[in-house]
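> Sequence and predicted structure below; questions after.
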Amino acid sequence: VQLVESGGGLVQPGGSLRLSCVASGFTFSSYTMRWYQQVPGKERELVASITTTSGRTDYADSVKGRFTISRDNTKNMVFLQMNSLKPEDTAVYLCNARSLGGLYEYWGQGTQVTVSS
């Protein structure tokens, strides 16, 4: 099982980034996918989630209207489009996969996003 994130980097406030996560080793379409933020010294926070076939999405209040999560089950990928980025969005962003009922859960290594002028 593997989750590999990419797309992070350094961006100025107000800029955009698109994160990608490619999955392998499990039935991707059967897993709810999530993006989390991890800041040193703070608890990991859920940013966005997308369900399996219905594709229902949910967002943290702090990113609503700015971030969009999507998935492509044909490519085993999940994305996070991040617009109007703020310095407080600076974090490592981790991809998470969880099976229905939570029996199985997998994590990626994360990709660093830094928002700074």
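Nice, I can see it. Note that the coordinates shown come from a computational prediction; the quantities given were computed from them, not determined experimentally. Numbers count the residues shown, from 1 in each chain.

> Can you check the pLDDT for the residue nearest to the spatial centre of the chain?
The residue lying closest to the centre of the chain (C-alpha atoms, centre = their mean) is Trp35, at 2.6 Å. Note on Trp35: pLDDT of 98.

> just Thr53 next, same as before
Reported pLDDT for Thr53: 74.

> residues in contact with it?
Thr53 is in contact with Ser29, counting by C-beta atoms under 8 Å, 6 or more residues apart in numbering. Glycine gets a C-beta too; all of them are placed from N, C-alpha and C.

> and it, that one's in a strand?
No. Using DSSP: H, G, I helix; E, B strand; the rest coil, the assignment for Thr53 is coil, not a strand.

> Look up how far Thr27 lies from it.
Distance of Thr53 to Thr27, given as C-beta to C-beta, to the nearest Å: 12 Å.

> got it, and Glu88?
35 Å.

> quick one, what contacts Asp89?
Gln37, Val63, Met82, Val113, Val115.

> how many other residues sit next to the second one?
Going back to what we said before, that points to Val63. 22 (other C-beta atoms under 10 Å).
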